[in-house]
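Student: quick one, structure for this:
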Amino acid sequence: MTASTHSVWMHIGAGSFHRAHQAWYLHRLREQGDSEWHIALSNIRDDAVPLLTSLTAQKGEYVLETVTPEGDRAYEKIRSIRTIVPWDAELKAMVAQGADAATRVIAFTVTESGYYLDNNHQLDAQHPDIQADVKGEARTLYGALTRVLLARMAAHGNPVTLLNCDNLRHNGERFRQGFLTFLSLRKEEALCAWVRDQTTSPNTMVDRITPRPTADIAPRVLKATGFRDSAPVMAESFIQWVIEDDFAAGRPALEHVGVEMVKSVLPWEEAKIRILNASHSCIAWAGTLVGQLCIHQSTQTPEIKEMAWEYVTQDVIPSLLPSPLNLEEYRDVVLARFANPWIRDTNQRVAADGLSKIPGFITPTLMERYASGETPRATAVLPALFFLFLQRWHVDALPYAYQDGALNAPELHALLSQDDALARFASDETLFGPLAHKAEFATLLQNTVAGLSEWAKLPQPVNDLGADYVSGN
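Tutor: Presented below is the predicted three-dimensional model:
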């Protein structure tokens with residue numbers, strides 16, 4: 001797509017999802033003989049240093065194991081990551097790579113909470129991490145990109161695409177608005193103007209269930225391929241990527257490997273976030289409450305599957321019509337994927353970041369059903385489950401550590417210690433927007449929590465996982 005014979009896709013966020021998704025597509029393109037593009041992999045924080053070290057020793061190569069719902073496994077050595085950007089506290093290597101004229105796309109996966117957006121999708125300027133980066137640090141994507149793009153602008157000023165690959169509604173637009181707000185707070189007027197003129201931020205929709213790697217993957221990889229991999233990754237066989245075709249400096253020919261290049265990603269995005277992502281969280285929170293550790297176990301539990309099915313059928317599908325997608329078919333495919341017993345995805349992974357997922361994935365459906373004159377009883381189950389989940393967290397009764405980038409633990413513990421904790425939860429504008437002031441919603445949530453409280457006291461089923469799996473190692 002460009003005249004260059006050497007183009008770099010720099011990716012920020014060295015997690016499993018990138019290596020099972022975007023890296024797979026670029027690998028497939030290279031396997032077809034189109035070797036113009038390769039990935040330079042980087043990370044903002046030091047938590048990925050062991051992975052980056054392993055990948056460096058393996059020259060960026062690793063094996064992706066995929067598995068179908070029938071249990072058929074396939075193995076593929078991924079070779080699209082040709083540069084491992086070493087981590088350093090000042091992110092000097094990342095800055096150098098991002099400023100290199102060969103780098104034409106800077107993509108990122110930093111999770112929903114990594115954008116620091118409030119319920120109105122505006123940058124939370126008071127968050128300590130944002131405040132630190134406004135003062136010159138680089139704790140967040142915004143701070144890191146500021147360093148990268150200042151260097152790029154000074155070096156040559158060539159345009160670049162800033163590509164959001166996270167599960168965030170209108171992800172390109174909302175990242176871009178947050179970033180421009182951040183630059184204004186930093187008083188980086190020149191860079192702000194350059195970003196407006198020389199970058200694009202297409203919206204995207206990404207989809208592939210990718211559990212955290214477990215210890216049993218590497219032995220299977222060794223047996224199947226003979227490759228002793230210290231950084232394997234595993235995912236479901238299903239994969240999808242939809243991108244708005246608005247790149248500032250050329251792009252790989254992704255349409256040749258199954259990526260859907262579209263004018264507007266909105267219909268796919270809304271279906272994915274509301275049907276897949278929200279249902280996934282519903283199942284994880286519910287399964288945790290009855291002592292289950294795996295998504296497939298919870299999806300195969302009739303009462304839990306029914307919660308997700310009713311949520312989609314009663315409230316989401318009416319909210320999304322008309323749609324170019326067959327939403328009933330999409331619902332059924334999603335639930336079948338969740339029930340895949342071979343993925344062994346954990347409730348811990350999917351339950352994470354609930355404080356961002358409630359406003360991002362769930363509150364829009366609540367609001368739209370009320371606006372259409374309907375009571376969203378099926379959707380209310382999801383925040384009710386999350387409240388019961390947080391109560392377990394509050395008394396240290398979860399079977400695993402809860403991870404949430406938006407969590408202020410002392411503040412949330414204080415809220416949950418109050419006699420009227422549920423009322424305070426329901427009136428949180430960050431979670432529920434205008435519904436926080438709607439008495440009808442507070443009553444609905446109270447009644448839903450009461451009903452689910454009895455259900456969650458059911459005898460806990462025996463799980464089929466060992467201690468290594470519980471720990472996520």
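Student: what about the helix or strand hosting residue 367, average pLDDT?
Tutor: Using DSSP states H and E, residue 367 sits within helix 363-371. Averaged across helix 363-371, the pLDDT comes to 97.
Student: tell me which residues in it are buried?
Tutor: Using 16 or more other C-beta atoms under 10 Å as the burial criterion, the residues of helix 363-371 that qualify are 363, 364, 365, 366, 367, 368, 369, 370. Every C-beta, even on glycine, is put in place using the N, C-alpha and C of the backbone.
Student: name the nearest of these relative to residue 241.
Tutor: residue 364 (22.8 Å; C-beta to C-beta).
Student: contact partners for that closest one?
Tutor: Counting by C-beta atoms under 8 Å, 6 or more residues apart in numbering, residue 364 touches 169, 274, 319.
Student: as TSV, the residues you listed with secondary structure, pLDDT and neighbour count would be great.
Tutor: Below are the contacts of residue 364 laid out as TSV (DSSP: H, G, I helix; E, B strand; the rest coil; pLDDT from 0 to 100; neighbours: other C-beta atoms under 10 Å):
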residue	secondary structure	pLDDT	neighbour count
169	coil	85	20
274	helix	96	25
319	helix	96	21
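Student: which stretches in the stretch 51-200 of the chain count as helices?
Tutor: Using DSSP state H, counting those that start in this stretch, the helices found in the stretch 51-200 of the chain span residues 92-99, 128-134, 141-155, 171-185, 189-198.
Student: ok, which of those helices comes nearest residue 207?
Tutor: Closest to residue 207 of the helices of the stretch 51-200 of the chain is helix 171-185 (C-beta to C-beta; 12.8 Å).
Student: which residues of the stretch 351-473 of the chain score low on pLDDT?
Tutor: 458-473 (pLDDT under 70).
Student: which of the buried residues of helix 363-371 sits closest to residue 335?
Tutor: residue 365 (17.2 Å).
Student: could you check how far that closest one is from residue 314?
Tutor: With distances taken as C-beta to C-beta, to the nearest Å, residue 365 is found 10 Å from residue 314.
Student: show me whatever sits in contact with both of the two.
Tutor: residue 379.
Student: of the helices of the stretch 51-200 of the chain, which is nearest residue 282?
Tutor: Shortest distance between residue 282 and the helices of the stretch 51-200 of the chain, using C-beta to C-beta, is found for helix 171-185: 21.4 Å.
Student: number of nearby residues for residue 314?
Tutor: Applying other C-beta atoms under 10 Å, we find 16 other residues in the vicinity of residue 314.
Student: how near is it to residue 359?
Tutor: Residue 314 is 21 Å from residue 359, by C-beta to C-beta.
Student: so what's the gap between the helix or strand harbouring residue 387 and the chain middle?
Tutor: If you go by DSSP H and E, residue 387 is part of helix 377-394. Counting by C-alpha atoms, centre = their mean, to the nearest Å, helix 377-394 is centred 20 Å from the centre of its parent chain.
Student: quick one: buried residues of it?
Tutor: For helix 377-394, burial by neighbour count (16+ other C-beta under 10 Å) applies to 378-394.
Student: coming back round to it: nearest to residue 189 among the contacts of residue 364?
Tutor: Residue 189 lies nearest to residue 169 out of these, by C-beta to C-beta, at 29.2 Å.
Student: what score does the closest residue in space to the closest one that isn't next to it in sequence have for pLDDT?
Tutor: Leaving aside its chain neighbours, residue 169 sits nearest to residue 273 (5.5 Å; criterion: C-beta to C-beta, 6 or more residues apart in numbering). Residue 273 is assigned 91 on the pLDDT scale.
Student: on the three-state scheme, the residue sitting furthest away from the middle of the chain is what?
Tutor: When distances are taken from the C-alpha mean of the chain, residue 419 lies farthest, 33.7 Å away, according to C-alpha atoms, centre = their mean. Recorded secondary structure, residue 419: coil (DSSP: H, G, I helix; E, B strand; the rest coil).
Student: repeat for residue 40
Tutor: Per three-state DSSP, residue 40 ends up strand.
Student: show me what contacts the closest residue to residue 138 other than its chain neighbours?
Tutor: Excluding the flanking residues, the one nearest residue 138 by C-beta to C-beta, 6+ apart is residue 144, at 4.7 Å. Residue 144 makes contacts with 12, 44, 91, 94, 138, as judged by C-beta under 8 Å, 6+ apart.
Student: distance of the residue nearest to residue 147 when sequence neighbours are not counted relative to residue 137?
Tutor: Among residues not flanking residue 147 along the chain, residue 95 sits closest, at 5.0 Å (C-beta to C-beta, 6+ apart). Counting by C-beta to C-beta, the gap from residue 95 to residue 137 is 14 Å.
Student: the residue nearest to residue 147 reaches residue 149, doesn't it?
Tutor: No: look at residue 95 against residue 149 with C-beta atoms under 8 Å: they stay out of range, at 9.2 Å.
Student: tell me who's in contact with residue 314.
Tutor: Shown in contact with residue 314 (C-beta under 8 Å, 6+ apart): 377, 378, 379.
Student: report pLDDT for it.
Tutor: According to the prediction, residue 314 has pLDDT 98.
Student: can you confirm it is in a helix?
Tutor: Yes: Residue 314 sits within a helix when classified using three-state DSSP.
Student: could you dump the contacts of residue 144 into TSV and include pLDDT, distance to residue 263 and neighbour count?
Tutor: As requested, the contacts of residue 144 are exported to TSV (pLDDT from 0 to 100; distance: C-beta to C-beta, whole Å; neighbours: other C-beta atoms under 10 Å):
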residue	pLDDT	distance to residue 263	neighbour count
12	98	26	27
44	98	32	22
91	98	35	22
94	98	32	26
138	98	35	21
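Student: so which of those residues are in strands?
Tutor: residue 12 (DSSP state E).
Student: now, the most widely separated pair of the contacts of residue 144?
Tutor: Farthest pair in the contacts of residue 144 (C-beta to C-beta) is 12 and 138. Separation: 11.0 Å.
Student: quick one: common contacting residues for those two?
Tutor: Listed as contacting both residue 12 and residue 138 by C-beta under 8 Å, 6+ apart are 44, 144.
Student: could you pull out the strands for the stretch 151-300 of the chain?
Tutor: Assigned by DSSP state E, counting those that start in this stretch, the strands in the stretch 151-300 of the chain fall at 160-164, 199-200, 204-207, 233-236, 240-244, 260-262.
Student: would you reformat those as a markdown table and include mean pLDDT?
Tutor: Formatted as a markdown table, these follow (pLDDT from 0 to 100):
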| stretch | mean pLDDT |
| --- | --- |
| strand 160-164 | 98 |
| strand 199-200 | 98 |
| strand 204-207 | 95 |
| strand 233-236 | 96 |
| strand 240-244 | 97 |
| strand 260-262 | 96 |
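Student: now the ones you listed as TSV including mean neighbour count and distance to residue 448?
Tutor: Output for the strands of the stretch 151-300 of the chain, formatted as TSV (neighbours: other C-beta atoms under 10 Å; distance: least, C-beta to C-beta, whole Å):
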stretch	mean neighbour count	distance to residue 448
strand 160-164	24	33
strand 199-200	18	42
strand 204-207	22	29
strand 233-236	24	31
strand 240-244	20	32
strand 260-262	16	37
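Student: now those as TSV including distance to residue 325?
Tutor: Formatted as TSV, the strands of the stretch 151-300 of the chain follow (distance: least, C-beta to C-beta, whole Å):
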stretch	distance to residue 325
strand 160-164	21
strand 199-200	26
strand 204-207	11
strand 233-236	19
strand 240-244	11
strand 260-262	12
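Student: no further queries at this time; thank you.
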